[in-house]
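Novice: Below are the sequence and a predicted model; questions follow.
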Amino acid sequence: MVASAAVVLGLIACTTLTPEIQPLPGSLTYGGTVVHSPYKPGTVIKNTFLGKFGYRINERYVVQPDGTLKLTYQNAGQDYYIE
């Protein structure tokens with residue numbers, strides 16, 4: 001009985017939704033800015049900028065049916081080579 005309860009709790013934990021990616025300063029939609037794209041819906045738009053502490057931020061947006069951009073991917077990495 002205890003083992004089955006643990007399995008059920010584990011499955012519930014796996015089905016929780018991950019929070020939406022939040023735009024950073026330098027993102028196209030930072031601060032609630034609404035950006036309309038001239039591209040057709042479903043088009044992927046890439047954005048790269050230097051973030052805090054010199055980290056290179058790579059983002060991907062997808063054009064929504066109403067022409068706005070939705071942030072779908074965000075990754076930070078070093079902008080320089082360290083030996």
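Specialist: The structure has been received and is ready for your questions. Residues are numbered from 1 along each chain as shown.
Novice: tell me which helix or strand of this structure sits lowest on mean pLDDT?
Specialist: None of the helices or strands of the chain scores lower by mean pLDDT, DSSP states H and E than helix 2-14, at a mean of 57.
Novice: Report the next helix or strand after that one in sequence order.
Specialist: Where DSSP states H and E defines the elements, the next helix or strand beyond helix 2-14 is strand 44-50.
Novice: Against which helices or strands is that next one packed?
Specialist: strand 55-63 (3 or more CB pairs under 8 Å, 6 or more residues apart in numbering; DSSP states H and E). (Each C-beta comes from the backbone N, C-alpha and C, glycine too.)
Novice: So, low pLDDT: which residues of the chain?
Specialist: Residues of the chain that meet the criterion pLDDT under 70 lie in 1-18, 80-83.
Novice: what sits opposite L50 in the beta ladder?
Specialist: R56 (DSSP bridges).
Novice: Give the burial count for it, as a bare number.
Specialist: 11 (other CB atoms under 10 Å).
Novice: OK, contacts around it?
Specialist: G26, R56, I57, D79 (CB atoms under 8 Å, 6 or more residues apart in numbering).
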